[in-house]
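Q: Below are the sequence and a predicted model; questions follow.
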Amino acid sequence: MHNAVMHKRIMDPAAADRAPEDLIIAVEQLVRYVRRSATAGGLSTAASSVLARLGREGPQRLTELARAEGVSQPNMTQLITRLERAGLVRRTADHSDGRGVLVAATPTGLDVFRQRRAERAEALKDLVAHLTEAEQDAVTIALPALARAVQDGPERPAPS
């Protein structure tokens, strides 16, 4: 944001009232931009999200995946079946509960996860490179701070 515009926003109380809405719009645009940049594996957003979760967190029960991704168990079962057919995940016995099944990313799935993450990182790097040095410094501080707040902060409110 240009310094004069930023100064006006700081000095204008109406702009301060719009700041949270402006921030969420910026976050939504950033997420869409970065998501579109990841093309490895030709995955849907939902499939990419599940594969990323398995890549970051390791094997999980189907019920845990469904809850974490905010989808029904039948929908998650269908998605896992598609990912399994593509060779990206596999189901294995849960050794802590003989009746349970864990879903794990396969080596191919982990490769796709890493490729997609690299594509997203490169897109973000290219985007940040177009900013001024001060803006780059602000992004470098603000994005990790927001991620930490999400990780450490209170749970999201339940939908009303």
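A: Looks like it came in fine. Treat the numbers as computed from the prediction; the structure is a model and nothing was measured.

Q: And the residue most central in space within the chain, how far from E57?
A: With distances taken as Cα atoms, centre = their mean, S49 lies nearest the centre of the chain, 6.6 Å away. Using Cβ to Cβ, to the nearest Å, S49 is found at 12 Å from E57. Where you see a C-beta, it was placed from the backbone N, CA and C, and this is true even at glycine.

Q: same check, this time on Q136
A: In terms of Cβ to Cβ, Q136 sits 30 Å off from E57.

Q: cool, and F113?
A: 11 Å.

Q: ok, those two, which is more surrounded?
A: Remark: of F113 and E57, F113 carries more neighbours, 24 against 12, as counted by other Cβ atoms under 10 Å.

Q: Which strand or helix spans E21?
A: helix 13-37 (DSSP states H and E).

Q: tell me the mean pLDDT over that helix?
A: The pLDDT scores in helix 13-37 average 81.

Q: Report the buried residues of it.
A: Under the neighbour-count criterion of 16 or more other Cβ atoms under 10 Å, helix 13-37 has 34, 37 buried.

Q: Tell me which other helices or strands it touches.
A: Helices and strands touching helix 13-37, by 3 or more Cβ pairs under 8 Å, 6 or more residues apart in numbering; DSSP states H and E, are helix 3-11, helix 107-129.
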